[in-house]
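In: Structure for the following, please:
(one chain, ligands or ions: 1)
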Amino acid sequence: MVHYADGKPLGDLTLRTLAMPSDANAAGDIFGGWVMAQMDLACGIRAAERAKGRVVTAAVKEMSFAKPMKIGDTLCIYTHVERVGRTSMTLKVEAWAQRYLSDLMEKVTHADFVMVALDGEGKPKPVPAES
Ligand SMILES: CC(=O)SCCNC(=O)CCNC(=O)[C@H](O)C(C)(C)COP(=O)(O)OP(=O)(O)OC[C@H]1O[C@@H](n2cnc3c(N)ncnc32)[C@H](O)[C@@H]1OP(=O)(O)O
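Out: Okay, the predicted model is just below:
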């Protein structure tokens with residue numbers, strides 16, 4: 001049973017992975033770019049499911065790094081589809097760290113991602129109605 005230090009995560013758990021030494025700087029802090037890449041992957045999964053097809057990242061907005069992520073922490077990415085436009089989807093994304101060998105979960109990063117549904121030629125296409 002995990003203990004959430006910063007309220008409860010928003011959305012669904014979409015991706016979990018382990019922060020390894022190769023993802024860190026010399027001080028043992030995980031690179032922000034690595035966390036962003038995992039958030040992008042999670043958005044790709046969630047948005048493709050919603051769009052029932054290929055998607056691309058159009059924009060990343062208001063990303064804040066609140067707490068450091070350390071080697072050995074488990075990164076847990078939660079996504080929530082906040083808005084569906086014509087061809088775009090806006091996702092609220094939260095990155096939480098389950099601290100190394102503990103049940104403590106802390107929110108480390110959050111951002112809004114805009115994902116766009118694409119057709120086979122890479123052009124924006126309408127997001128289908130939710131089934
Ligand atoms: C550079 C890189 O490699 S980044 C890595 C991954 N990302 C990419 O490669 C994306 C590169 N960009 C693109 O392919 C294009 O700009 C696209 C597909 C995102 C958008 O194509 P456009 O021809 O500009 O399409 P269009 O103007 O119709 O916009 C499509 C939708 O995206 C939204 N959108 C596009 N850019 C943004 C933005 N910067 N912020 C918010 N929404 C945006 C539009 O509002 C529109 O939404 P809607 O249909 O729900 O109203």
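
In: Which elements pack onto the helix or strand where W96 lies?
Out: Assigned by DSSP states H and E, W96 belongs to strand 88-98. For strand 88-98, the packing partners by 3 or more Cβ pairs under 8 Å, 6 or more residues apart in numbering; DSSP states H and E come out as helix 32-51, strand 74-84, strand 104-117. Just so you know, the C-beta spots here come from the backbone N, C-alpha and C atoms, and that holds for glycine as well.

In: Which positions in the first one come out as buried?
Out: Along helix 32-51, these residues count as buried under the neighbour rule (16 or more other Cβ atoms under 10 Å): 34-36, 38-40, 42-44, 46-48, 50-51.

In: contacting residues around A48?
Out: By Cβ atoms under 8 Å, 6 or more residues apart in numbering, the contact list for A48 reads R54, V55.

In: So what's the predicted local confidence for it?
Out: Predicted confidence (pLDDT) for A48: 98.

In: which non-adjacent residue is nearest the residue nearest in space to the middle of the chain?
Out: Centroid check for the chain by Cα atoms, centre = their mean gives M39 as the closest residue, at 2.8 Å. The shortest distance from M39 to any non-neighbouring residue, by Cβ to Cβ, 6 or more residues apart in numbering, is to V93 (5.0 Å).
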